[in-house]
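J.: no sequence for this one, just the structure:
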(Lines give C-alpha, C1' and ligand atoms only; values in the text may rest on other atoms or scores of the structure.)
Protein backbone atom coordinates (compact mmCIF):
# COMPACT_ATOMS: atom_id res chain seq x y z
CA UNK A 1 0.00 0.00 0.00
CA UNK A 2 2.92 2.31 0.74
CA UNK A 3 6.64 2.56 0.17
CA UNK A 4 9.22 1.95 -2.51
CA UNK A 5 7.47 -1.12 -3.94
CA UNK A 6 3.99 0.46 -4.13
CA UNK A 7 2.10 -0.15 -7.37
CA UNK A 8 3.21 2.53 -9.82
CA UNK A 9 5.72 3.87 -7.29
CA UNK A 10 5.06 6.30 -4.46
CA UNK A 11 5.65 10.04 -4.18
CA UNK A 12 6.21 11.63 -0.78
CA UNK A 13 5.58 15.38 -1.03
CA UNK A 14 6.89 17.43 1.90
CA UNK A 15 5.89 21.08 2.20
CA UNK A 16 8.59 23.41 3.56
CA UNK A 17 7.88 24.41 7.17
CA UNK A 18 8.53 27.82 8.72
CA UNK A 19 12.26 28.01 9.43
CA UNK A 20 12.04 29.71 12.81
CA UNK A 21 14.68 32.31 11.90
CA UNK A 22 14.27 35.59 10.10
CA UNK A 23 14.81 35.15 6.37
CA UNK A 24 13.66 36.78 3.17
CA UNK A 25 13.87 35.48 -0.39
CA UNK A 26 12.86 37.16 -3.66
CA UNK A 27 12.77 35.54 -7.10
CA UNK A 28 12.04 37.28 -10.41
CA UNK A 29 11.46 35.59 -13.76
CA UNK A 30 11.33 37.45 -17.09
CA UNK A 31 10.58 36.17 -20.58
CA UNK A 32 9.34 37.12 -24.00
CA UNK A 33 5.72 38.07 -24.68
CA UNK A 34 5.81 40.13 -21.49
CA UNK A 35 6.34 37.13 -19.21
CA UNK A 36 6.94 38.22 -15.62
CA UNK A 37 6.83 36.26 -12.36
CA UNK A 38 7.61 37.43 -8.86
CA UNK A 39 7.81 35.18 -5.78
CA UNK A 40 8.44 36.57 -2.30
CA UNK A 41 8.94 34.52 0.89
CA UNK A 42 9.43 35.89 4.40
CA UNK A 43 10.13 33.80 7.53
CA UNK A 44 9.77 35.13 11.07
CA UNK A 45 11.98 34.34 14.06
CA UNK A 46 10.72 31.81 16.58
CA UNK A 47 8.95 33.20 19.64
CA UNK A 48 7.76 30.94 22.46
CA UNK A 49 7.70 28.00 20.07
CA UNK A 50 5.80 29.94 17.38
CA UNK A 51 7.17 30.72 13.91
CA UNK A 52 5.55 31.70 10.63
CA UNK A 53 6.18 32.13 6.92
CA UNK A 54 4.37 34.08 4.20
CA UNK A 55 4.78 33.59 0.45
CA UNK A 56 3.26 35.75 -2.29
CA UNK A 57 3.41 35.06 -6.02
CA UNK A 58 2.35 37.14 -9.01
CA UNK A 59 2.52 35.99 -12.62
CA UNK A 60 1.71 38.09 -15.66
CA UNK A 61 2.17 38.02 -19.40
CA UNK A 62 0.94 39.72 -22.57
CA UNK A 63 -0.13 36.61 -24.47
CA UNK A 64 1.24 35.37 -27.77
CA UNK A 65 -1.69 35.52 -30.20
CA UNK A 66 -3.98 38.41 -31.05
CA UNK A 67 -7.78 38.34 -30.91
CA UNK A 68 -9.43 39.92 -33.96
CA UNK A 69 -12.64 40.19 -31.91
CA UNK A 70 -11.02 42.07 -29.03
CA UNK A 71 -13.10 44.80 -27.42
CA UNK A 72 -16.49 43.36 -28.35
CA UNK A 73 -19.21 43.40 -25.68
CA UNK A 74 -21.53 40.43 -25.17
CA UNK A 75 -24.38 39.73 -22.79
CA UNK A 76 -24.32 36.10 -21.61
CA UNK A 77 -26.72 36.67 -18.72
CA UNK A 78 -30.06 35.43 -20.15
CA UNK A 79 -28.56 32.27 -21.63
CA UNK A 80 -26.72 31.26 -18.45
CA UNK A 81 -29.35 32.02 -15.85
CA UNK A 82 -27.35 34.99 -14.59
CA UNK A 83 -24.16 33.04 -13.88
CA UNK A 84 -22.40 35.25 -16.45
CA UNK A 85 -23.28 38.82 -17.33
CA UNK A 86 -22.06 41.48 -19.77
CA UNK A 87 -18.49 40.62 -20.78
CA UNK A 88 -15.87 42.11 -23.10
CA UNK A 89 -13.55 40.02 -25.23
CA UNK A 90 -9.81 40.64 -24.61
CA UNK A 91 -7.36 41.70 -27.30
CA UNK A 92 -5.03 38.68 -26.92
CA UNK A 93 -5.01 34.98 -26.11
CA UNK A 94 -2.70 33.17 -23.70
CA UNK A 95 -1.92 35.99 -21.29
CA UNK A 96 -1.40 35.39 -17.56
CA UNK A 97 -2.80 37.30 -14.60
CA UNK A 98 -2.38 35.29 -11.39
CA UNK A 99 -1.98 36.29 -7.73
CA UNK A 100 -1.48 33.70 -5.00
CA UNK A 101 -0.35 33.53 -1.39
CA UNK A 102 0.53 30.86 1.17
CA UNK A 103 0.67 31.40 4.93
CA UNK A 104 1.85 28.93 7.59
CA UNK A 105 2.26 29.03 11.37
CA UNK A 106 4.21 26.35 13.27
CA UNK A 107 3.90 25.72 16.99
CA UNK A 108 6.49 23.58 18.75
CA UNK A 109 4.41 22.97 21.86
CA UNK A 110 5.77 22.61 25.40
CA UNK A 111 4.94 18.89 25.15
CA UNK A 112 8.05 17.11 23.93
CA UNK A 113 7.53 15.74 20.41
CA UNK A 114 4.19 17.51 19.76
CA UNK A 115 4.09 19.92 16.81
CA UNK A 116 1.19 21.75 15.14
CA UNK A 117 1.29 23.46 11.72
CA UNK A 118 -1.61 25.50 10.31
CA UNK A 119 -1.57 26.51 6.64
CA UNK A 120 -3.78 28.64 4.40
CA UNK A 121 -3.54 29.52 0.70
CA UNK A 122 -5.47 31.42 -1.94
CA UNK A 123 -5.15 31.69 -5.73
CA UNK A 124 -6.84 34.36 -7.85
CA UNK A 125 -6.46 33.56 -11.57
CA UNK A 126 -7.86 35.77 -14.35
CA UNK A 127 -5.67 34.41 -17.14
CA UNK A 128 -6.79 34.00 -20.76
CA UNK A 129 -6.68 30.53 -22.25
CA UNK A 130 -4.73 29.88 -25.47
CA UNK A 131 -6.54 30.29 -28.79
CA UNK A 132 -8.31 27.33 -30.35
CA UNK A 133 -7.89 27.21 -34.10
CA UNK A 134 -8.90 24.67 -36.75
CA UNK A 135 -5.95 23.49 -38.86
CA UNK A 136 -8.26 22.61 -41.73
CA UNK A 137 -12.00 23.08 -42.25
CA UNK A 138 -14.32 20.29 -41.24
CA UNK A 139 -17.67 19.85 -43.02
CA UNK A 140 -19.75 22.18 -40.85
CA UNK A 141 -17.12 24.92 -40.82
CA UNK A 142 -16.70 24.78 -44.60
CA UNK A 143 -20.45 24.98 -45.23
CA UNK A 144 -20.92 27.97 -42.96
CA UNK A 145 -17.78 29.77 -44.17
CA UNK A 146 -18.79 29.50 -47.83
CA UNK A 147 -21.88 31.66 -47.22
CA UNK A 148 -20.15 34.31 -45.09
CA UNK A 149 -20.09 37.98 -46.19
CA UNK A 150 -17.12 39.03 -48.36
CA UNK A 151 -13.98 39.82 -46.40
CA UNK A 152 -14.64 37.38 -43.54
CA UNK A 153 -11.31 36.04 -42.28
CA UNK A 154 -11.04 32.24 -42.53
CA UNK A 155 -10.93 30.77 -39.02
CA UNK A 156 -8.55 27.97 -40.01
CA UNK A 157 -5.11 27.47 -41.52
CA UNK A 158 -2.38 24.81 -41.86
CA UNK A 159 -0.26 26.56 -39.21
CA UNK A 160 -0.79 28.75 -36.17
CA UNK A 161 -2.15 32.13 -37.26
CA UNK A 162 -0.79 35.33 -35.75
CA UNK A 163 -4.32 36.32 -34.76
CA UNK A 164 -7.74 34.72 -34.89
CA UNK A 165 -11.24 35.83 -34.00
CA UNK A 166 -12.55 34.58 -30.66
CA UNK A 167 -15.77 36.53 -30.08
CA UNK A 168 -17.02 34.27 -27.26
CA UNK A 169 -13.63 33.66 -25.61
CA UNK A 170 -13.31 35.38 -22.25
CA UNK A 171 -10.72 35.35 -19.43
CA UNK A 172 -11.10 32.63 -16.83
CA UNK A 173 -12.19 33.59 -13.34
CA UNK A 174 -10.69 30.95 -11.05
CA UNK A 175 -10.67 31.27 -7.27
CA UNK A 176 -9.17 28.67 -4.92
CA UNK A 177 -9.03 28.75 -1.13
CA UNK A 178 -7.46 26.12 1.12
CA UNK A 179 -6.79 25.50 4.79
CA UNK A 180 -5.21 22.57 6.60
CA UNK A 181 -3.83 21.64 9.99
CA UNK A 182 -1.16 19.00 10.60
CA UNK A 183 -0.54 17.60 14.09
CA UNK A 184 2.42 15.29 14.69
CA UNK A 185 3.37 13.62 17.96
CA UNK A 186 6.55 11.58 18.41
CA UNK A 187 6.44 10.30 22.01
CA UNK A 188 9.49 8.05 21.41
CA UNK A 189 12.13 7.59 18.75
CA UNK A 190 10.25 4.55 17.36
CA UNK A 191 6.59 5.66 17.61
CA UNK A 192 4.92 8.49 15.69
CA UNK A 193 1.36 9.79 15.23
CA UNK A 194 0.14 12.21 12.57
CA UNK A 195 -3.24 13.77 11.79
CA UNK A 196 -3.90 15.90 8.69
CA UNK A 197 -7.21 17.75 8.25
CA UNK A 198 -7.91 19.95 5.24
CA UNK A 199 -10.69 21.79 3.45
CA UNK A 200 -10.62 23.42 0.02
CA UNK A 201 -13.02 25.52 -2.02
CA UNK A 202 -12.80 26.33 -5.72
CA UNK A 203 -14.88 28.50 -8.06
CA UNK A 204 -14.17 28.35 -11.78
CA UNK A 205 -15.89 30.39 -14.48
CA UNK A 206 -14.83 29.80 -18.06
CA UNK A 207 -16.31 30.72 -21.46
CA UNK A 208 -14.51 29.31 -24.49
CA UNK A 209 -15.14 29.06 -28.24
CA UNK A 210 -14.12 25.43 -28.72
CA UNK A 211 -14.92 25.26 -32.42
CA UNK A 212 -12.46 27.93 -33.60
CA UNK A 213 -15.42 29.61 -35.27
CA UNK A 214 -14.11 33.15 -35.64
CA UNK A 215 -16.34 36.11 -36.60
CA UNK A 216 -19.00 33.99 -38.26
CA UNK A 217 -22.61 35.08 -38.78
CA UNK A 218 -25.83 33.21 -39.54
CA UNK A 219 -26.00 33.92 -43.26
CA UNK A 220 -28.40 30.98 -43.67
CA UNK A 221 -31.97 31.75 -42.49
CA UNK A 222 -32.33 28.27 -40.97
CA UNK A 223 -29.46 29.01 -38.62
CA UNK A 224 -30.75 32.49 -37.75
CA UNK A 225 -34.14 31.15 -36.66
CA UNK A 226 -32.88 27.97 -35.01
CA UNK A 227 -35.44 26.17 -37.20
CA UNK A 228 -33.05 23.28 -37.83
CA UNK A 229 -34.10 22.05 -34.39
CA UNK A 230 -37.57 23.52 -34.30
CA UNK A 231 -36.59 26.92 -32.95
CA UNK A 232 -38.56 30.09 -33.71
CA UNK A 233 -36.09 32.88 -32.96
CA UNK A 234 -36.75 36.33 -34.37
CA UNK A 235 -33.08 36.91 -35.14
CA UNK A 236 -32.02 39.29 -37.90
CA UNK A 237 -29.88 38.10 -40.77
CA UNK A 238 -26.13 38.01 -40.17
CA UNK A 239 -26.48 37.74 -36.38
CA UNK A 240 -23.28 36.45 -34.74
CA UNK A 241 -23.09 32.69 -34.29
CA UNK A 242 -20.72 30.25 -32.63
CA UNK A 243 -19.87 26.79 -33.92
CA UNK A 244 -19.45 25.46 -30.38
CA UNK A 245 -19.10 27.51 -27.19
CA UNK A 246 -18.78 26.04 -23.72
CA UNK A 247 -19.85 28.37 -20.91
CA UNK A 248 -19.50 26.77 -17.48
CA UNK A 249 -19.64 27.99 -13.86
CA UNK A 250 -18.32 25.35 -11.43
CA UNK A 251 -18.06 25.41 -7.64
CA UNK A 252 -16.49 22.66 -5.54
CA UNK A 253 -15.65 21.86 -1.95
CA UNK A 254 -13.56 19.05 -0.52
CA UNK A 255 -12.88 17.94 3.04
CA UNK A 256 -10.42 15.28 4.12
CA UNK A 257 -8.81 13.82 7.22
CA UNK A 258 -6.16 11.18 7.63
CA UNK A 259 -4.78 9.81 10.89
CA UNK A 260 -1.74 7.52 10.87
CA UNK A 261 0.28 5.72 13.51
CA UNK A 262 3.78 4.48 12.68
CA UNK A 263 6.05 2.19 14.69
CA UNK A 264 9.59 1.27 13.62
CA UNK A 265 11.71 -1.40 15.31
CA UNK A 266 14.66 -3.57 14.33
CA UNK A 267 12.28 -6.45 13.62
CA UNK A 268 9.24 -4.82 12.02
CA UNK A 269 7.89 -1.47 10.76
CA UNK A 270 4.13 -1.00 11.10
CA UNK A 271 1.85 1.74 9.77
CA UNK A 272 -1.90 1.96 10.26
CA UNK A 273 -4.45 4.67 9.65
CA UNK A 274 -7.94 5.93 8.98
CA UNK A 275 -8.80 8.03 5.91
CA UNK A 276 -11.86 10.17 5.08
CA UNK A 277 -12.56 12.24 1.98
CA UNK A 278 -15.67 14.07 0.76
CA UNK A 279 -16.12 15.98 -2.48
CA UNK A 280 -19.05 18.10 -3.62
CA UNK A 281 -19.09 19.69 -7.08
CA UNK A 282 -21.82 21.67 -8.83
CA UNK A 283 -21.56 23.07 -12.36
CA UNK A 284 -24.01 25.37 -14.13
CA UNK A 285 -24.00 26.69 -17.67
CA UNK A 286 -24.52 25.35 -21.17
CA UNK A 287 -22.98 24.44 -24.49
CA UNK A 288 -24.12 26.54 -27.47
CA UNK A 289 -23.98 26.17 -31.23
CA UNK A 290 -26.22 26.13 -34.33
CA UNK A 291 -26.84 22.42 -33.91
CA UNK A 292 -27.65 22.55 -30.19
CA UNK A 293 -31.43 22.48 -29.53
CA UNK A 294 -33.14 24.81 -30.02
CA UNK A 295 -30.40 26.36 -32.13
CA UNK A 296 -28.99 28.82 -29.59
CA UNK A 297 -25.69 29.28 -31.30
CA UNK A 298 -27.22 32.49 -32.63
CA UNK A 299 -26.73 35.76 -30.76
CA UNK A 300 -29.50 38.30 -31.55
CA UNK A 301 -28.68 41.99 -31.13
CA UNK A 302 -30.49 43.45 -28.10
CA UNK A 303 -29.98 47.16 -27.48
CA UNK A 304 -26.91 47.02 -29.68
CA UNK A 305 -25.31 44.11 -27.79
CA UNK A 306 -25.10 40.48 -29.00
CA UNK A 307 -27.07 38.54 -26.39
CA UNK A 308 -27.20 34.84 -25.64
CA UNK A 309 -30.95 34.07 -25.49
CA UNK A 310 -32.44 32.56 -22.37
CA UNK A 311 -34.65 29.50 -22.46
CA UNK A 312 -35.97 26.94 -19.94
CA UNK A 313 -33.01 25.10 -18.45
CA UNK A 314 -30.47 27.77 -19.38
CA UNK A 315 -29.29 27.83 -15.77
CA UNK A 316 -29.53 24.06 -15.42
CA UNK A 317 -26.87 21.95 -13.76
CA UNK A 318 -24.32 20.53 -16.21
CA UNK A 319 -22.70 18.37 -13.57
CA UNK A 320 -22.99 17.36 -9.95
CA UNK A 321 -20.78 15.10 -7.87
CA UNK A 322 -21.25 14.08 -4.25
CA UNK A 323 -18.63 11.48 -3.40
CA UNK A 324 -17.45 10.15 -0.04
CA UNK A 325 -14.55 7.76 0.66
CA UNK A 326 -13.70 6.10 3.97
CA UNK A 327 -10.91 3.59 4.60
CA UNK A 328 -9.04 1.79 7.37
CA UNK A 329 -5.64 0.35 6.51
CA UNK A 330 -2.55 -1.27 7.99
CA UNK A 331 0.77 -2.47 6.62
CA UNK A 332 3.71 -4.27 8.22
CA UNK A 333 7.27 -4.71 6.93
CA UNK A 334 9.23 -7.55 8.54
CA UNK A 335 13.03 -7.32 8.35
CA UNK A 336 13.88 -11.00 7.83
CA UNK A 337 17.57 -10.19 7.35
CA UNK A 338 19.56 -7.06 6.59
CA UNK A 339 18.88 -7.75 2.89
CA UNK A 340 15.38 -9.32 2.85
CA UNK A 341 12.06 -7.70 3.80
CA UNK A 342 8.58 -9.20 3.77
CA UNK A 343 5.59 -6.84 3.55
CA UNK A 344 1.88 -7.38 3.98
CA UNK A 345 -1.04 -4.96 4.05
CA UNK A 346 -4.84 -4.75 4.29
CA UNK A 347 -7.26 -1.94 3.44
CA UNK A 348 -11.02 -1.80 4.03
CA UNK A 349 -12.82 0.81 1.94
CA UNK A 350 -16.30 2.23 1.58
CA UNK A 351 -16.93 4.45 -1.45
CA UNK A 352 -20.18 6.34 -2.07
CA UNK A 353 -20.69 7.77 -5.56
CA UNK A 354 -23.48 10.12 -6.66
CA UNK A 355 -22.66 11.66 -10.07
CA UNK A 356 -24.98 13.48 -12.50
CA UNK A 357 -24.15 14.88 -15.96
CA UNK A 358 -26.85 16.85 -17.83
CA UNK A 359 -24.85 18.07 -20.82
CA UNK A 360 -26.31 15.11 -22.70
CA UNK A 361 -29.92 14.02 -23.14
CA UNK A 362 -31.19 12.08 -21.35
CA UNK A 363 -29.03 13.02 -18.33
CA UNK A 364 -26.49 10.45 -17.15
CA UNK A 365 -26.41 9.40 -13.51
CA UNK A 366 -24.27 7.02 -11.47
CA UNK A 367 -25.19 6.15 -7.88
CA UNK A 368 -23.39 3.36 -6.09
CA UNK A 369 -21.97 2.31 -2.71
CA UNK A 370 -19.02 -0.08 -2.81
CA UNK A 371 -17.48 -1.99 0.10
CA UNK A 372 -14.11 -3.48 -0.59
CA UNK A 373 -11.18 -5.25 1.13
CA UNK A 374 -7.82 -5.08 -0.66
CA UNK A 375 -4.55 -6.70 0.27
CA UNK A 376 -0.89 -6.72 -0.69
CA UNK A 377 2.07 -9.06 -0.17
CA UNK A 378 5.62 -8.19 -1.19
CA UNK A 379 9.09 -9.72 -0.87
CA UNK A 380 12.17 -7.54 -1.46
CA UNK A 381 15.85 -8.46 -1.66
CA UNK A 382 18.80 -6.05 -1.68
CA UNK A 383 21.88 -7.98 -2.84
CA UNK A 384 24.01 -4.82 -2.78
CA UNK A 385 23.72 -1.07 -2.22
CA UNK A 386 21.54 0.60 -4.85
CA UNK A 387 19.94 -2.64 -6.12
CA UNK A 388 16.56 -4.04 -5.08
CA UNK A 389 14.72 -7.03 -6.55
CA UNK A 390 11.11 -7.67 -5.59
CA UNK A 391 8.08 -9.88 -6.17
CA UNK A 392 4.63 -8.72 -5.14
CA UNK A 393 0.94 -9.27 -5.62
CA UNK A 394 -1.73 -6.68 -4.84
CA UNK A 395 -5.41 -6.03 -5.40
CA UNK A 396 -7.10 -2.71 -6.14
CA UNK A 397 -10.25 -1.13 -7.51
CA UNK A 398 -11.87 1.88 -9.12
CA UNK A 399 -15.33 2.60 -7.63
CA UNK A 400 -16.95 3.63 -10.92
CA UNK A 401 -18.47 6.92 -12.00
CA UNK A 402 -19.04 8.94 -15.16
CA UNK A 403 -16.30 9.58 -17.74
CA UNK A 404 -17.37 12.32 -20.14
CA UNK A 405 -20.97 11.26 -20.70
CA UNK A 406 -20.47 7.51 -20.25
CA UNK A 407 -21.16 5.87 -16.88
CA UNK A 408 -18.94 2.93 -15.92
CA UNK A 409 -19.20 0.46 -13.08
CA UNK A 410 -16.64 -0.62 -10.49
CA UNK A 411 -13.42 -2.11 -11.84
CA UNK A 412 -11.30 -4.54 -9.83
CA UNK A 413 -7.85 -5.99 -10.40
CA UNK A 414 -5.31 -8.41 -9.02
CA UNK A 415 -1.79 -7.53 -10.07
CA UNK A 416 1.28 -9.76 -9.74
CA UNK A 417 4.58 -7.99 -10.37
CA UNK A 418 8.28 -8.83 -10.31
CA UNK A 419 11.08 -6.39 -11.01
CA UNK A 420 14.48 -4.94 -10.26
CA UNK A 421 15.19 -1.32 -9.35
CA UNK A 422 18.79 -0.17 -9.41
CA UNK A 423 20.96 2.94 -9.27
CA UNK A 424 24.25 2.15 -11.01
CA UNK A 425 27.52 3.88 -11.88
CA UNK A 426 27.30 6.45 -9.08
CA UNK A 427 23.58 6.96 -9.84
CA UNK A 428 24.26 7.94 -13.44
CA UNK A 429 22.13 5.00 -14.63
CA UNK A 430 18.74 4.07 -13.15
CA UNK A 431 16.85 0.92 -14.16
CA UNK A 432 13.31 -0.04 -13.20
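T.: Thanks, I have it. Please read these numbers as outputs of a predicted model, since none were measured by experiment.
J.: can you list the weak-confidence ranges in the stretch 201-350 of the chain?
T.: Counting by pLDDT under 70, the stretch 201-350 of the chain shows low-confidence ranges at 212-213, 220-236, 285-298, 300, 309-318.
J.: can you map out the helices along it?
T.: For the stretch 201-350 of the chain, the helices defined by DSSP state H, counting those that start in this stretch occupy 221-225.
J.: What's opposite residue 75 in the beta bridge?
T.: Residue 75 has the following beta-bridge partners by DSSP bridges: residue 86, residue 307.
J.: wouldn't it be in contact with residue 168 here?
T.: No. With contact defined as Cβ atoms under 8 Å, residue 75 does not reach residue 168; the gap is 11.6 Å. Quick note: C-beta positions are derived from backbone N, CA and C, even for glycine.
J.: Please identify the helix or strand for the nearest residue to residue 346 once chain neighbours are set aside.
T.: Leaving aside its sequence neighbours, residue 346 sits nearest to residue 375 (Cβ to Cβ, 6 or more residues apart in numbering; 5.3 Å). In this assignment (DSSP states H and E), residue 375 forms part of strand 364-384.
J.: That strand pairs with which strands, parallel or anti?
T.: When DSSP bridges is applied, strand 364-384 pairs with strand 340-357 (antiparallel), strand 387-398 (antiparallel).
J.: roughly how far is the first one from the heart of the chain?
T.: Strand 340-357 has its C-alpha centroid displaced from the chain centroid by 22 Å (Cα atoms, centre = their mean, to the nearest Å).
J.: ok, now the last one?
T.: Using Cα atoms, centre = their mean, the distance from the centre of strand 387-398 to the centre of the chain it belongs to is 28 Å.
J.: looking at the strands paired with strand 364-384, which is buried most?
T.: Among the strands paired with strand 364-384, strand 340-357 has the highest mean neighbour count (mean count of other Cβ atoms under 10 Å), at a mean of 18.
J.: before we move on, back to that, near the residue nearest to residue 346, how many other residues are there?
T.: For residue 375, the neighbour count with other Cβ atoms under 10 Å is 14.
J.: Verify the stated contact: it with residue 345.
T.: Yes. Look at residue 375 against residue 345 with Cβ under 8 Å: they come within range, at 6.6 Å.
J.: re the thing from before, could you dump the strands paired with strand 364-384 to CSV with distance to residue 424?
T.: CSV is the format used below for those (distance: least, Cβ to Cβ, whole Å):
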stretch, distance to residue 424
strand 340-357, 21
strand 387-398, 8
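J.: Residue 303: which of the ones you listed is closest?
T.: Residue 303 sits nearest to strand 340-357 of all those, at 35.1 Å, using Cβ to Cβ.
J.: do you know how far residue 358 is from residue 364?
T.: 8 Å (Cβ to Cβ, to the nearest Å).
J.: try residue 387
T.: 49 Å.
J.: just residue 402 next, same as before
T.: In terms of Cβ to Cβ, residue 402 sits 6 Å off from residue 364.
J.: Can you pull the residues that touch both of these two?
T.: Listed as contacting both residue 402 and residue 364 by Cβ atoms under 8 Å, 6 or more residues apart in numbering are residue 357.
J.: buried sites along the helix or strand harbouring residue 38?
T.: Secondary structure assigned from DSSP H and E places residue 38 in strand 36-43. Buried residues in strand 36-43, defined by neighbour count with 16 or more other Cβ atoms under 10 Å: 37, 41, 43.
J.: again with stretch 62-81
T.: Neighbour-count burial for stretch 62-81, with 16+ other Cβ under 10 Å as criterion, is recorded at 63-70, 72, 74-81.
J.: what distance separates the start and the end of that stretch?
T.: Start-to-end span of stretch 62-81 (Cα to Cα, to the nearest Å) is 32 Å.
J.: Could you check how far it is from the centre of its chain?
T.: Computed by Cα atoms, centre = their mean, the chain-centroid distance of stretch 62-81 equals 24 Å.
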